[in-house]
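**Q** What follows is a predicted structure for the sequence shown.
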Amino acid sequence: MQSMTEPDANFGSSEAHAESHDPAVSHATDARLVDQARHGDAQAFGQLAQRYERRVLKVIRRFMPDQDLAMDLAQDAFLKAFDRLEQFDPSRRFGPWLFRIAVNTTYDHLRKIKRKGKWALFSEAGEDRVPDPEAPDPRGEIDLSHEVRTVLADIPEAYQTVLVLRDLEGFSTSEVAAVTERSEATIRWRLAEARRMFKDAWERRQRKIEEEQLG
Amino acid sequence: MHGNGGSEKLKKNNWGDGMQKQTVTCADARHLVHLAVGDDTLPAEEQQLTDHLHSCADCRAYHAGMVDAMHVIEQVRDEDSVDIPAGAVWSAISDKVASRRRAKAVPQRRRFNGSVAALCACSLTLALVTIVQRLPTNSPEPDGWYAPVSATSVRHANGTGNQFQQAKIVPVRRPDGSTVWVDPATNQVYVPDVLNLLATDQDVDF
């Protein structure tokens, strides 16, 4: 457990640390700002939000490519964090707690989309999705980022989260453990499994694409 | 799929200098490969993996495939960026946060609890009924009519020696509030001060 006075705004990578150079964001520790926010100081919460917003948005966009939607989810995450400040354990770090809310908010949204998708199979909306044979193959426009996201979506959430935070967002193993509230040993094991799953899924996808191009 | 059969079991090799060196199975080595491609192995694990890869062609191929997959992830990691102005999220939610803070500051009204209200109403009704039942009635009573309170028995001598005759008498409250004892059979009125009430059996001796 880190010291209460230790600033932890550089959670994940050096980028958030760079944000703290913003003159609008003071150098008060997260713990102090959280304490002030809990006593009704909205500006203190504002400083926390400005300190973390880009990192949170970046994490959400790993799951949700639509920037507007990602922005909405980031706002939801911060509002949830504000509403739940009373539940926050001040002996712990604010960063992992906030990222956990952000990741869970994103997963909740993705689950809703999935459920809607399932219902759409029984509705008339599905009929519009028949591809037009005259239309150009859209796969040419699909970028690598989208490909990776598609492969990631097939990986179970617990492993996907670890892979995204560690390999795409550069969180350390201990930081991922703090966000997911799991031991570092568990995270190492999940990380190894997640990379294996990604490799297998990626190779399967590449083989499929090659077969389609040949066939 | 796994490598040479000799490396499948965890074994210890005896080196010439008497030191023992642990090697790992292919399954363990591949687990370490997954960690090593992201620099997540411990120094000891890295050494074990290096030793294993030297001797296992299948695991070397697997390691190469894993490196390729990680290369894809690294490419994506570097290309994705967030192009929003600093403070955009906060400026979008600051008003909502302020309004929620005000809402928190205002003491919440107590919710109307229907069950408590119903219980109170029942209790009040019950209390009211009890009180009304105990109130004295205002109906006019005919002269000479006394309301009986309760019954008891008296024994009085019948004038034939020591024999006593048992008679039921009832206390009757007069309009002025005083109580007299009346034998309903004979309408004889007994004055209280001549009664000698026995605490045990409520009998009255004359």
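**A** Sure thing, it's come through.

**Q** Is the helix or strand containing residue A:213 positioned near chain B?
**A** Taking DSSP states H and E as the criterion, residue A:213 maps to helix A:184-214. Yes - Helix A:184-214 comes into contact with chain B (C-beta under 8 Å from any C-beta of the partner chain), by way of A:188, A:191-193, A:195-196, A:198-199, A:202-203. Quick note: C-beta positions are derived from backbone N, CA and C, even for glycine.

**Q** could these go into CSV alongside neighbour count and pLDDT?
**A** Listed next are the residues of helix A:184-214 next to chain B as CSV, based on neighbours: other C-beta atoms under 10 Å in any protein chain shown; pLDDT from 0 to 100:
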residue, neighbour count, pLDDT
A:188, 21, 96
A:191, 23, 97
A:192, 23, 97
A:193, 18, 97
A:195, 28, 97
A:196, 19, 97
A:198, 25, 96
A:199, 23, 96
A:202, 20, 94
A:203, 14, 93
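
**Q** Would you mind checking which of those residues is nearest to residue A:68?
**A** Checking those against residue A:68 with C-beta to C-beta, the nearest one is residue A:198 at 27.6 Å.

**Q** Please determine how far that closest one is located from residue A:45.
**A** Distance, residue A:198 to residue A:45, by C-beta to C-beta, to the nearest Å: 36 Å.

**Q** Please apply the same query to residue A:189.
**A** 36 Å.

**Q** Quick check: phi and psi at residue B:187.
**A** Torsion angles at residue B:187 (phi, psi; degrees, to the nearest 10) stand at phi 60, psi 20.

**Q** Which residues does the longest helix along chain B contact?
**A** Longest helix of chain B, by residue count under DSSP state H: helix B:57-79. Contacts to helix B:57-79, defined as C-beta atoms under 8 Å, 6 or more residues apart in numbering or on different chains, come from residues A:144-145, A:148, A:163, A:167-170, A:195, A:198-199, A:202-203, B:1-4, B:26, B:29-30, B:33-34, B:36-38, B:52-53.

**Q** CA atoms of the helix or strand following that helix as PDB?
**A** For helix B:57-79, the succeeding helix or strand toward the C-terminus, using DSSP H and E, is helix B:88-105. Taking C-alpha atoms only, helix B:88-105 is exported to PDB below (Å, rounded to 0.1, in the frame of the first residue of the first chain):
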ATOM      1  CA  ALA B  88     -13.000  18.500 -21.700                       C
ATOM      2  CA  VAL B  89     -14.400  15.800 -19.500                       C
ATOM      3  CA  TRP B  90     -14.400  18.000 -16.400                       C
ATOM      4  CA  SER B  91     -16.000  21.000 -18.200                       C
ATOM      5  CA  ALA B  92     -18.700  18.700 -19.400                       C
ATOM      6  CA  ILE B  93     -19.600  17.400 -16.000                       C
ATOM      7  CA  SER B  94     -18.700  20.300 -13.700                       C
ATOM      8  CA  ASP B  95     -22.300  21.600 -13.700                       C
ATOM      9  CA  LYS B  96     -23.700  18.200 -12.900                       C
ATOM     10  CA  VAL B  97     -21.200  17.700 -10.100                       C
ATOM     11  CA  ALA B  98     -22.100  21.100  -8.600                       C
ATOM     12  CA  SER B  99     -25.800  20.300  -8.700                       C
ATOM     13  CA  ARG B 100     -25.200  16.900  -7.100                       C
ATOM     14  CA  ARG B 101     -23.200  18.500  -4.400                       C
ATOM     15  CA  ARG B 102     -26.000  20.900  -3.700                       C
ATOM     16  CA  ALA B 103     -28.400  18.000  -3.600                       C
ATOM     17  CA  LYS B 104     -26.200  16.200  -1.100                       C
ATOM     18  CA  ALA B 105     -25.900  19.300   1.100                       C
END
